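Asks: show me how the following folds:
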Amino acid sequence: MVTTEALPALRLKKVVVLGANGAMGAGSAALFAAGGCQVTLVARDKSKAEAALAQMQGITKSEVVTNGVDCATYDDLPSLMDGTDLIFEALAEDMALKKDIFSKVDAVRPADALVATVSSGLSIVAMCEGRSDGFKKHFAGIHLYNPPHVMTGVEVIPHPDMPGAVVAELGDILTRRFGRQVVLCADMPAFAGNRIGFKVLNEVAQLAETHGVQLMDTLIGPYTGRAMAPLATVDLVGWDVHKAIVDNVAANVSDECPGAFAMPAYMQALIEKGHLGDKTPATGGFYVRMTRDGKAVTEVLDPSTLKYNPMEPALKIPFVEEIKYLNRAGRYREAMAKFIAAEGPQADIARKVILGYVSYSLNRAGAGEVVATYSDADRIMTSGFNWAPASGLVDLIGVQKTIDALKRYDLAVPALLDAAARGDVPTPLFNLPFVTPGRYLAG
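Replies: Purely as a prediction, here's the structure:
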């Protein structure tokens, strides 16, 4: 086993977290502190850093873990650098803001200190424009998934100038010391997890304009292999975050799914009115929760009118209910057979979305793509999104049946599936240790 003492360049004993008062800042700081690091929380003013410390205590459920955690402001940066091994930036997803803080960090960082960003998809190379050669050699994206104490997935996106040995050591220490599921990604917009995941989320948001929010969340609900229904997930992560991710991909990526990342106009209109999902409880997002006559009430958005209406109390779709029953009984192969065979326009909608996920995920691996192998895409979707892996769904459906279904809906057939059908790739495809695809299908 490789210990941290065997990796002197990455001993990670002292970590400075910038933007510590945000959700990812506090969560990341808690992860580093729990891993034995001495942590300094940095925010615009001391009170915000102290608030982050309180968040850390709530996350770790321990005052002991946060003993010795220091609080500081950006004015203190020069005095914080002595002995610092990692400067971890967790500011808002704003390129100009990040570049500004990195210019300040570059002026004071120790020569051997790593610098990392928790960015969920901005260009690593662009963030380093104008920075010193030493900065670039020590810079990487370390994209943790929120909340870091629950989701173990992490994408590592090294700057091209970072030596390969350092990249390998960074992945090793994140795995062994911090318990992360590490996926190495190319510097492409939204990296792997958000590129794949938000393609699905945005597609469902587009379809909701025609078919309704509650129906789409029922059709693409947990029974299809995700912890939460997709539009409820967008409310959880925030409409502003959703917009930042899909706009970034739409502006900078050309692939086999043109238009998939186009932000729905109704969402843009509501964002301008302050609707950001769960983070704006008074205005809501796809759903809004309120108290009426002393009772908790949830209303659902009608995208055609931009108004909220009472939810249908028990929206049940027969083929969905049958599949849920089979999933709960652990009969996942039967459930997927029912999903593929179900008749009617609603089944077609659900199949096209889920098969689109399978196609898009498996097509993001290989030469010139964001990850090297399809198992990397599987790993980040399971550990970062808590979604069923694409290859696991193929195993349950069957390789040839999946290919036939993809062709039926004019979806790109990944080269992996053609190779598996020929016998050039062994099956079953899904091969992540200690993970069973069925665990994601119980909903």
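Asks: can I assume residue 170 sits in a helix?
Replies: Yes. If the criterion is DSSP: H, G, I helix; E, B strand; the rest coil, then residue 170 is within a helix.
Asks: burial count for it?
Replies: A count of neighbours around residue 170, defined by other Cβ atoms under 10 Å, yields 24. Every C-beta, even on glycine, is put in place using the N, C-alpha and C of the backbone.
Asks: hmm, it is touching residue 141, no?
Replies: No. Under the criterion of Cβ atoms under 8 Å, residue 170 is not in contact with residue 141, lying 10.8 Å apart.
Asks: can you list residues touching both of these two?
Replies: 156, 158 (Cβ atoms under 8 Å, 6 or more residues apart in numbering).
Asks: so where's the stretch 1-150 of the chain uncertain?
Replies: For the stretch 1-150 of the chain, the stretches with pLDDT under 70 are 1-9.
Asks: do that again at 50, thanks
Replies: 1-8 (pLDDT under 50).
Asks: strands of that one, residue ranges please.
Replies: Secondary structure of the stretch 1-150 of the chain (DSSP state E, counting those that start in this stretch): strands at 14-18, 38-43, 70-73, 86-89, 114-117, 139-144.
Asks: can I get these in a markdown table including distance to residue 299?
Replies: Output for these, formatted as a markdown table (distance: least, Cβ to Cβ, whole Å):
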| stretch | distance to residue 299 |
| --- | --- |
| strand 14-18 | 38 |
| strand 38-43 | 36 |
| strand 70-73 | 41 |
| strand 86-89 | 38 |
| strand 114-117 | 38 |
| strand 139-144 | 33 |
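Asks: export these as JSON lines, with columns for distance to residue 435 and mean neighbour count.
Replies: Shown next, in JSON lines, are these (distance: least, Cβ to Cβ, whole Å; neighbours: other Cβ atoms under 10 Å):
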{"stretch": "strand 14-18", "distance to residue 435": "29", "mean neighbour count": "26"}
{"stretch": "strand 38-43", "distance to residue 435": "30", "mean neighbour count": "25"}
{"stretch": "strand 70-73", "distance to residue 435": "38", "mean neighbour count": "17"}
{"stretch": "strand 86-89", "distance to residue 435": "28", "mean neighbour count": "26"}
{"stretch": "strand 114-117", "distance to residue 435": "27", "mean neighbour count": "24"}
{"stretch": "strand 139-144", "distance to residue 435": "19", "mean neighbour count": "24"}
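Asks: and the pLDDT for the residue of the chain positioned farthest from its centre?
Replies: Distance from the C-alpha centroid of the chain peaks at residue 293, with 38.0 Å (Cα atoms, centre = their mean). Looking at residue 293, its pLDDT is 81.
Asks: same check, this time on residue 436
Replies: pLDDT, read off for residue 436, is 86.
Asks: that one and residue 225: what is the separation?
Replies: 12 Å (Cβ to Cβ, to the nearest Å).
Asks: ok, now residue 300?
Replies: From residue 300 across to residue 225, the span is 23 Å (Cβ to Cβ).
Asks: and residue 426, what element?
Replies: If you go by DSSP states H and E, residue 426 is not part of any helix or strand.
Asks: what about it, how many residues nearby?
Replies: Considering only other Cβ under 10 Å, residue 426 is surrounded by 8 other residues.
Asks: next, it: phi, psi?
Replies: Main-chain dihedrals, residue 426, degrees, to the nearest 10: phi -70, psi 150.
Asks: contacts only, for the closest residue in space to it that isn't next to it in sequence.
Replies: Computed as Cβ to Cβ, 6 or more residues apart in numbering, the closest residue to residue 426 that is not its neighbour in sequence is residue 420, at 8.0 Å. For residue 420, the contact set (Cβ under 8 Å, 6+ apart) comprises 394, 399, 426, 427, 429.
Asks: please repeat the previous calculation with a cut-off of 7 Å.
Replies: By Cβ atoms under 7 Å, 6 or more residues apart in numbering, the contact set of residue 420 is 399, 427, 429.
Asks: same check on residue 110?
Replies: Residue 110 neighbours (Cβ under 7 Å, 6+ apart): 81, 84.
Asks: mind running it again at 10 Å?
Replies: Residues near residue 110 by Cβ atoms under 10 Å, 6 or more residues apart in numbering: 14, 81, 82, 83, 84, 85, 87, 134, 138.
Asks: could you do residue 75 as well?
Replies: Contacts of residue 75 (Cβ under 10 Å, 6+ apart): 42, 44, 45.
Asks: let me know the closest of these to residue 183.
Replies: Minimum distance to residue 183 across these is 27.6 Å, recorded for residue 42 (Cβ to Cβ).
Asks: hang on, isn't that closest one packed against residue 26?
Replies: No. Look at residue 42 against residue 26 with Cβ atoms under 10 Å: they stay out of range, at 11.9 Å.
Asks: shared neighbours of the two, which are they?
Replies: 17, 19, 20, 49, 52, 90.
Asks: can you lay out the residues you listed as JSON lines showing distance to residue 215?
Replies: Supplementary listing: those in JSON lines, determined by distance: Cβ to Cβ, whole Å:
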{"residue": "17", "distance to residue 215": "42"}
{"residue": "19", "distance to residue 215": "39"}
{"residue": "20", "distance to residue 215": "41"}
{"residue": "49", "distance to residue 215": "45"}
{"residue": "52", "distance to residue 215": "40"}
{"residue": "90", "distance to residue 215": "37"}
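Asks: no more questions from me, cheers.
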